[in-house]
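Enquirer: Provide a 3D model corresponding to the input given below.
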Amino acid sequence: MNTDDIVRTFLDFYRERGHEPITGSSLLPPPSDPVLFTTSGMHPLTPYLKGRPHPQGRRLVNVQRCLRTTDLDEIGDLTHLTVFDMLGSWSLGDYSHPQSLRWGYELLRDGFGIPREKLYATVFGGDEQVGPDLESLGIWRELGVPVESTRDENWWSNGPVGPCGPDSEIFYWTGDGPPEGSPTGDPRWVEIWNHVHMRLERGEDGGLVPLRQVNVDTGMGLERLASVLQGCRSVYDTDVFEPWMRVLPTLWDLDERSLRVVCDHLRSSAVVIGEGVRPSNTGRGYVVRRLIRRMLTVLRRDDDSRTVGDLPGELVGGSTVRGVVLEEERRFSQVLDRGRRVLSRPEFRGVLGDEAYRLLHDTYGLPRELVVGLLR
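Expert: Numbering: from 1, shown residues only. A predicted model of the protein is given here:
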């Protein structure tokens, strides 16, 4: 399946079960929202998870584009992305969490053709405030899917306060040979889908109270699912990244991880700039600036004879995005030149400690990650 087939299969499955498709929200939340970007499929639905009636009913499905910077240091591995699409389904006080798990297993097995023996589930094992999720444990055993209980790994929230609850995560075996071990002990088990029993709300004091209604919130990363269904080693080997992975190696001789970082940051920058955000030193603009400059640091480290201007326009995101990226590259070139001059001084030779990094940042405007890149 290509990604279009995957999206169509997902949406059709939930439509047949009474879910109304809703349009994915912008990456940019409304001004009243304190977060910089939409980080999950449920984020725009928070008022409805708290009980406000949704105009399209109590069963919803969509594809939501998300952006997360919390995983930035993991970009370049096999599964993490800065910008990604989330396949989501919701029950707003309608059907039960066990029903969601049964449907989820049905879609994976019959809709996407994933054999049962390649799946493993985890459930919430309980803590000081909430007891173990024995109901989900029983469902997975009934379906014949291996299951284990965890603690913090199976509790979901979108922040320190707000709607939350125990979740059940579904993992896929990516290793060679028959599946072995379990998700908590073997990284070859990769999470593909999360079903949250969103029935509680955490207050400022850390206490939990029941929500007005009991909800189900599921989220499955499209690119990660595509890597499973397309038999790819990583999300970067799927059809989503084919143009970047095909062209970039003809211009830069990058190792595998560096190639993935550049692909991710270039694609993510194009998406955010396309939403109207421009590079700056604060807020959303700083996220864009950081992505572009991290990408340029990798490229310049290996070959400074080429520029982003050598890339075909469609890989950068059109003329407007291209102009923004090229201008940021020009500004960054000036920063790099200044950084090299500063780092050539005697006091910055040898191994740098935290004090030196603070001085370079506060006095010369050189972030730690940029200094590390230059020293390489």
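Enquirer: Strands of the stretch 101-250 of the chain, residue ranges please.
Expert: In the stretch 101-250 of the chain, the segments counted as strands under DSSP state E, counting those that start in this stretch are 119-124, 147-150, 155-157, 162-173, 189-202, 208-221.
Enquirer: my read: R212 touches K50, true?
Expert: Yes. Between R212 and K50 a contact is recorded at 6.5 Å, counting by C-beta atoms under 8 Å. Any C-beta I mention is one placed from the backbone N, CA and C, and that applies to glycine too.
Enquirer: the more surrounded of these two?
Expert: When R212 is set against K50 and neighbours are counted by other C-beta atoms under 10 Å, the residue ahead is K50, at 16 against 12.
Enquirer: residues contacting the closest residue to R59 other than its chain neighbours?
Expert: Ranked by C-beta to C-beta, 6 or more residues apart in numbering and with sequence neighbours excluded, the top spatial neighbour of R59 is H19, at 4.3 Å. Under the criterion of C-beta atoms under 8 Å, 6 or more residues apart in numbering, the neighbours of H19 are 59-61, 89-90.
Enquirer: picking that back up, any idea which of the strands of the stretch 101-250 of the chain scores lowest on pLDDT?
Expert: Among the strands of the stretch 101-250 of the chain, strand 155-157 carries the lowest mean pLDDT, a mean of 93.
Enquirer: Who are the packing partners of it?
Expert: Contacting strand 155-157 under the criterion 3 or more C-beta pairs under 8 Å, 6 or more residues apart in numbering; DSSP states H and E are the following elements: strand 162-173, strand 189-202.
Enquirer: quick one: which of those is nearest L248?
Expert: Ranking those by proximity to L248 (C-beta to C-beta) places strand 189-202 first, at 24.6 Å.
Enquirer: CA-only coordinates of the closest one in PDB, if you can.
Expert: These are the backbone C-alpha positions of strand 189-202, laid out as PDB (Å, rounded to 0.1, in the frame of the first residue of the first chain):
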ATOM      1  CA  TRP A 189       9.000  -4.200  18.700                       C
ATOM      2  CA  VAL A 190       7.900  -0.700  17.300                       C
ATOM      3  CA  GLU A 191       4.700   1.000  18.500                       C
ATOM      4  CA  ILE A 192       2.300   1.700  15.700                       C
ATOM      5  CA  TRP A 193      -1.100   2.500  17.400                       C
ATOM      6  CA  ASN A 194      -2.200   4.000  20.700                       C
ATOM      7  CA  HIS A 195      -5.800   3.600  22.100                       C
ATOM      8  CA  VAL A 196      -6.400   5.900  25.000                       C
ATOM      9  CA  HIS A 197      -9.200   5.400  27.500                       C
ATOM     10  CA  MET A 198      -9.600   9.100  28.100                       C
ATOM     11  CA  ARG A 199     -11.900   9.300  31.100                       C
ATOM     12  CA  LEU A 200     -10.000  11.500  33.600                       C
ATOM     13  CA  GLU A 201      -8.700  15.000  34.000                       C
ATOM     14  CA  ARG A 202      -5.600  16.000  35.900                       C
END
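Enquirer: by contact count, what packs against it?
Expert: Using 3+ C-beta pairs under 8 Å, 6+ apart, strand 189-202 sits against helix 97-106, strand 155-157, strand 162-173, strand 208-221, helix 222-229.
Enquirer: Most neighbours out of the contacts of H19, which is it?
Expert: Result: W90 is most packed of the contacts of H19 (other C-beta under 10 Å), 29 neighbours.
Enquirer: Name the residues of the helix or strand hosting S268 that are buried.
Expert: Element membership for S268, per DSSP states H and E: helix 256-274. By neighbour count on 16 or more other C-beta atoms under 10 Å, the buried set for helix 256-274 is 258-273.
Enquirer: cool, and stretch 161-177?
Expert: 162-174.
Enquirer: Go through those residues and say which is closest to R289.
Expert: Nearest to R289, judged by C-beta to C-beta, of these is G162 at 29.1 Å.
Enquirer: Now do the same contact list for that closest one.
Expert: By C-beta under 8 Å, 6+ apart, G162 lies in contact with 46, 201-202.
Enquirer: next one: R102
Expert: 139, 143.
Enquirer: Tell me how far it lies from L229.
Expert: 21 Å (C-beta to C-beta, to the nearest Å).
Enquirer: What are the boundaries of the helices in this structure?
Expert: Per DSSP state H, the chain carries helices over the ranges 3-15, 46-49, 97-106, 134-143, 222-229, 242-251, 256-274, 283-302, 313-316, 319-343, 354-364, 368-375.
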